[in-house]
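Peer 1: Next input, structure requested:
(one chain, ligands or ions: 2)
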Amino acid sequence: MSGTITEMPQATFEPRNLQFGVDGGVPKYWVDGRKSVTTFFNNLSIFFPAGERFFIASVRAHQAHVKGARLHKEVRAFCAQEGIHSREHDRYNEMLERQGYPVAELEQRVEKLLARVTRRLPKRMQLAATAALEHFTALLAHALLKEAEKDTNIFDRAHPTMAALWKWHAAEESEHKCVAYDVYLAAGGYYGERVAVMAFATIVFWAKVFEHQAYMMKSDDTLYSPSEWAKLGWGLFGNPGTLRKILPLYFLYYKPSFHPRDLDCSAAIAQWKREFESSPEYQAA
Ligand SMILES: [Fe+2]
Ligand SMILES: [Fe+2]
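Peer 2: Ligands and ions are numbered 1, 2, ... in the order given. The predicted structure is shown next:
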């Protein structure tokens, strides 16, 4: 007699509860002594704790629209991953505070901005903003993971703990890149709203990143250093050109048929998983 086994749909990814050694031993300019490139990544880190809490809240607010066991489980795994990222970037940012950066002030600016967004935008537009910003994190992840496959990448000679932290965050961003978008679609999200919010989020987010970069570089006494700005521009747009490489992929979001799964970096994630299994940095985390 033959029977049918009904499998419970599983989330395609799981959180990894890691704690990185950011309490001591990380040099201030952990990207190979490069000041402005290091401050660029540190600058992004300051956006994460409040940003990821906003992502979780906006996805949870639409949970009633989620149909199907698989998406339910993915929402849960998404919230768990983002919660752990938020905690680890809090610890990372405490390290930056000890290094003398104006972290409390910058984090407060991010929190105020998100509080304004939460107060003024309808709930579904907040979720559209999350989907838009998740496209940015997926793009950055795509660039970092694809670069990590090569011998020359932006973290080539970076401190191993910090490189491991960023690559772990990148891999998990890539794993859960569809969740906020799928919940947005389930909640009745539509093309016009999605792309209008993306255009708005692009301007606001990158203006803030630039402003915070200036704050961070002022704290480093490099704000008026043309060579530091040139080194940052070269790293992001020249070689390895992390942002240059993802710029064309950014515009995919404006295609009516766009879905985050179009951004395939499964081979790069598979490679990272092998590194995750064997690297002492992850075993210690
Ligand atoms: Fe995250
Ligand atoms: Fe995310």
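
Peer 1: Spell out which parts of the stretch 51-200 of the chain neighbour ligand 1.
Peer 2: Within reach of ligand 1 by C-beta under 5 Å from the ion, the stretch 51-200 of the chain has these residues: 82, 85. Where C-beta positions appear, they are placed from N, C-alpha and C, glycine not excepted.

Peer 1: Tell me where the stretch 51-200 of the chain is predicted with low confidence.
Peer 2: The stretch 51-200 of the chain contains residues with pLDDT under 70 at 148-152.

Peer 1: what does the stretch 101-250 of the chain have sitting close to ligand 2?
Peer 2: 137, 173.

Peer 1: Identify each of the helices in the stretch 151-285 of the chain and give its residue range.
Peer 2: Applying DSSP state H, counting those that start in this stretch to the stretch 151-285 of the chain gives helices spanning 160-175, 179-186, 191-219, 226-233, 242-250, 266-278, 280-284.

Peer 1: Out of those helices, which gets nearest to residue 100?
Peer 2: helix 191-219 (6.5 Å; C-beta to C-beta).

Peer 1: what comes up buried for that closest one?
Peer 2: Within helix 191-219, the residues that count as buried by 16 or more other C-beta atoms under 10 Å are 193-195, 197-198, 201-202, 205, 208-209, 212-213, 215-217, 219.

Peer 1: hmm, stretch 56-63 touching ligand 2?
Peer 2: No. Using C-beta under 5 Å from the ion, stretch 56-63 stays clear of ligand 2, with a minimum separation of 9.3 Å.

Peer 1: Return the distance of that stretch from the chain's centre.
Peer 2: Distance, stretch centre to chain centre, for stretch 56-63: 18 Å (C-alpha atoms, centre = their mean, to the nearest Å).

Peer 1: One more: stretch 109-119?
Peer 2: On C-alpha atoms, centre = their mean, the centre of stretch 109-119 falls 18 Å from the chain's centre.

Peer 1: Let the chain start at 758 from now.
Peer 2: Let's use 758 as the start, then, which means that last one is stretch 866-876.

Peer 1: contact partners of that stretch?
Peer 2: With C-beta atoms under 8 Å, 6 or more residues apart in numbering as the test, stretch 866-876 has contacts from 803-804, 807-808, 811, 814, 883, 886, 961, 965, 969.

Peer 1: Where does the stretch 908-1042 of the chain get nearest to ligand 2, residue-wise?
Peer 2: As assessed by C-beta to the ion, ligand 2 sits closest to residue 930 within the stretch 908-1042 of the chain, at 4.7 Å.

Peer 1: how near is residue 823 to residue 865?
Peer 2: 33 Å (C-beta to C-beta, to the nearest Å).

Peer 1: ok, these two, which is more surrounded?
Peer 2: Set side by side, residue 823 and residue 865 show more neighbours around residue 823, with 19 against 12, by other C-beta atoms under 10 Å.

Peer 1: okay but the more buried one is in contact with residue 832, surely?
Peer 2: Yes. Contact criterion C-beta atoms under 8 Å: residue 823 and residue 832 qualify, at 5.9 Å.

Peer 1: shared neighbours, these two?
Peer 2: Residues touching both residue 823 and residue 832 (C-beta under 8 Å, 6+ apart) are residue 940.

Peer 1: tell me which residues in the helix or strand encompassing residue 887 are buried?
Peer 2: Using DSSP states H and E, the element containing residue 887 is helix 880-905. Across helix 880-905, burial judged by 16+ other C-beta under 10 Å covers 881-905.

Peer 1: Same check on stretch 835-848?
Peer 2: Using 16+ other C-beta under 10 Å as the test for burial, stretch 835-848 gives 835-839, 841-843, 845-846.

Peer 1: Now go through those and say which are in helices.
Peer 2: Among these, DSSP state H puts 835-839, 841-843, 845-846 in helices.

Peer 1: And those, which is closest to residue 943?
Peer 2: For those, the closest approach to residue 943 (C-beta to C-beta) belongs to residue 835, at 13.4 Å.

Peer 1: Pull the distance from stretch 1015-1033 to the chain's centre.
Peer 2: Its chain's C-alpha centre and that of stretch 1015-1033 lie 14 Å apart, by C-alpha atoms, centre = their mean.

Peer 1: correction: stretch 949-957
Peer 2: Average the C-alpha atoms of stretch 949-957, do the same for its chain, and the two points are 19 Å apart (C-alpha atoms, centre = their mean).
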